[in-house]
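Participant: okay, here's the prediction I keep looking at, along with the sequence it came from:
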Amino acid sequence: MHQHFLVRGFILSAASLILTSQLQANIWNTDDLPVVLTPAKLKQNRSEVPASVSVIDRDMITASGLKEIPELFRLIPGTSVGARDGWNYVVSYHGTNYRDSRRMQVLIDGRSVYQSGLATVDWNDIPITIQDIERIEVVRGPSSASYGANAFLGVINIITRHPTDINKYEANVLSGTENTENYRVSYADEFLNGTYRITLASIHDDGFDIDKHGNERLDSKTSQLFNSRYETHTNHYTISLGLGYKTGEVTDDYSDIDVTPPNTKTDDYYLSSKIEKEISDTHQLALRYNFSSQKQIRRWTVEIPPYLTGLNNNPSPLVLVDANEDLRATRQDIDIQDTSIWNKSLRSVAGVHLKKSRASSETYYGTTLTSNNYQIYFNIEKKIAEKFTINTGGSYEYEQDIGKNFSPRISTHYHINKNHSLRAIYSEAIRTPDLLETSANWTYTGRNVRPAADGQTTGVLIQSAEGNPNVKPEKIESREIGYYGNFSQYHLQWDVKIFYDQLDKLISNSLSLEKFNPVNNGNLKLSGIETEVDYRPNHKWLIHGSYAYIKSKAYSNSTMPFTKSTEESFTPKNSASALISYRTNENIQISLAQYYARAIGTSQNKFSRSDIRISKAIKFQNNEIEFSYSGQYRHDDDSELLSDNIYRNKLRQFIGVNFKY
């Protein structure tokens, strides 16, 4: 079946190349309107994109004073952010399931960091720092039409800093609450007719302080990372290369049977490459190849009755057993993309994407599993009248053991003028089940049993779980109407979105060993309104605000057990953010931020926090040194997301020193 799918894909891509014509307009030129790339993989003005889009730029990142990348998304309307542990963040547009970041596609310079083995985005193991980021584009809405399965609720596209956009030498130090110690150095220079940037960093903090019973938490993180980016442009070719590595350890709390803590050591590395060929002013081809690998070592000792491992002949009431949750996963992606301007009113992008995932775990799978995915995608932008534009797009893909799926998107824009537009969008998307949900053979092999009877030192836990090969992809139908306005004379942008989403066939049940039951028994209706304002009257001021009202209703058409709160608790009914920053003539910057969400988390808590950042930059010759203070004050006594996530003090404080040469 998938052979026919591939043939049709390559035929469509070839047709796209053959039909391309050379016209007068230059595909890379843009006017003075804000431009984004992520929604349709086309460079489009904000007033023309077939989705709601938010942008976090370098100025906002600096002004926020935040040290964790996931927390930046508190600035985005309708986006839920929470920490399951001090190192395990969950980020999701419109919330839904709080257990994992499994319904958002996350890209770094076009490379997906979505891990299909356990269907999650592990923010702690992404080998970049917050200082490496130039801008982030967030597509607020289903995007399978452009990015395939798992761009279910939206897309986060993190764009790192180009080597020419940073100083030759940079050094950053941050120290503060929770024993935070972050160090970073970077170097940029020229090499082989191109430019490169190298970053080295070390990160540590102790996480949350106590649980709901007042016991000390063990959720610290320690990691070291390296990343680099190389860019060159010769003879109509642009070549981009990226390389990164991260190693680290996170600690975890004891359970009732643990003798040693189930800490996790992880090694991640990636290689990314992109070659763009500018065939003409109106035609471009791009080839991407990305590779990533993760090795997770999680081993600890438990104390249990011997019968739980099938050792019924062992006379001891309790035995010590070594267990593991080791996991190794790799992912390879190849993407061929054609971008064309056909005439002044017609542009298109089309491509083929191939993905191969591999996961190996004795505990989760009992073997090595592979999964292949083949995708064809397209988007066409057509101006049908002076004030009307239509975007149509879709993704047709085949995934091994899942089958074929088609995800369409269509939008229409009414342009009041070049700065203001009204939009109406309909889109569909899917999230394909991960290997754990479909193919788990989850059981624990206990080794080094002691004391051992009759030399039996190995046993298998009698409790086990199996995946459901019949589980189907989750589906969403999204409808929205919106307005985007760019009041250029005031340097103000305003976006408003009204939406109604229907989510079906959700895999909502807990995927813990004790309750492992991956079935499509959840449904969810989401509706509401969200708005965002960005105002920058001059280079001194930055004002950004967002608000979202979301009404969620979870239900099930199945007779199987279903807990509504699983799909509702991570979706606050009201959420808002505000960031105000002012820079004086003496290079003093004062920033204030406010974040609010209610109700959110398993205890339906409130999240209300005020942040302040004060910095002073001192320049001498070609050098600059900046001293900064950041404070984060919680206005409530609630835990964060889960009931055991508690800081002893409402105020968290950090001191930073940044050097540039």
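Facilitator: Nice, thanks for sending it over.

Participant: next, name the residue at the spatial heart of this protein.
Facilitator: The chain has residue 106 as the residue nearest its centroid, 3.5 Å off, counting by CA atoms, centre = their mean.

Participant: secondary structure class of that residue, three-state.
Facilitator: Going by DSSP: H, G, I helix; E, B strand; the rest coil, the secondary structure assigned to residue 106 is strand.

Participant: one more: residue 632?
Facilitator: Each residue gets one of three states, and residue 632 gets strand by three-state DSSP.

Participant: if we can go back for a sec, and the gap between the residue nearest to the centre of the chain and residue 545?
Facilitator: Distance check for residue 106 against residue 545: by CB to CB, to the nearest Å, it reads 25 Å. C-betas here are computed from N, CA, C, even on glycine.

Participant: equivalent analysis for residue 316, please.
Facilitator: Residue 316 is 63 Å from residue 545, where distance means CB to CB.

Participant: looking at those two, which one has more neighbours?
Facilitator: Taking residue 316 and residue 545 together and counting by other CB atoms under 10 Å, residue 545 has the greater number of neighbours (18 against 14).

Participant: now do stretch 363-377: distance to the chain's middle.
Facilitator: The offset between the C-alpha centroid of stretch 363-377 and the centroid of the whole chain comes to 20 Å, using CA atoms, centre = their mean, to the nearest Å.

Participant: if you could redo that for stretch 467-475, that was the one I meant.
Facilitator: Counting by CA atoms, centre = their mean, stretch 467-475 is centred 23 Å from the centre of its parent chain.

Participant: now do the end-to-end distance for that stretch.
Facilitator: Across its full length, stretch 467-475 reaches 20 Å end to end, with CA to CA, to the nearest Å as the criterion.

Participant: okay, buried residues for it please.
Facilitator: The neighbour-count criterion (16 or more other CB atoms under 10 Å) identifies 467-468, 471-475 as the buried residues of stretch 467-475.

Participant: ok, the residue nearest to the centre of the chain touching residue 121?
Facilitator: Yes. Here residue 106 reaches residue 121: they are 4.8 Å apart, a contact under CB atoms under 8 Å.

Participant: what sits in contact with each of the two?
Facilitator: Taking CB atoms under 8 Å, 6 or more residues apart in numbering as the contact definition, residue 106 and residue 121 share the neighbouring residues 113-114.

Participant: how many neighbours does residue 388 have?
Facilitator: 12.

Participant: for it, which non-adjacent residue is spatially closest?
Facilitator: If you skip the residues right next to it in sequence, residue 388 has residue 414 as its closest partner in space, 6.1 Å away by CB to CB, 6 or more residues apart in numbering.

Participant: pull out the buried positions in the one helix or strand that neighbour maps to.
Facilitator: Under DSSP states H and E, the secondary-structure element containing residue 414 is strand 403-417. Taking 16+ other CB under 10 Å as the basis for neighbour counts, the residues of strand 403-417 that come out buried are 405, 407, 409, 411-413, 415.

Participant: helices or strands up against that strand?
Facilitator: helix 144-147, strand 388-399, strand 420-431 (3 or more CB pairs under 8 Å, 6 or more residues apart in numbering; DSSP states H and E).

Participant: okay but residue 283 is in contact with residue 347, surely?
Facilitator: No. The pair formed by residue 283 and residue 347 falls short of the contact definition of CB under 8 Å, at 10.9 Å.

Participant: who has more neighbours out of those two?
Facilitator: Here residue 283 and residue 347 are compared on neighbour count by other CB under 10 Å; more neighbours surround residue 347, at 24 against 19.

Participant: what strand or helix carries the more buried one?
Facilitator: If you go by DSSP H and E, residue 347 is part of strand 346-361.

Participant: relative to the helix or strand following that strand, what are the paired strands and their orientations?
Facilitator: On the C-terminal side of strand 346-361, the closest following helix or strand by DSSP H and E is strand 367-385. Paired neighbours of strand 367-385 in the sheet (DSSP bridges): strand 346-361 (antiparallel), strand 388-399 (antiparallel).

Participant: list the buried residues in the first one.
Facilitator: What it means is strand 346-361. Residues 347-361 are the ones in strand 346-361 that count as buried (16+ other CB under 10 Å).
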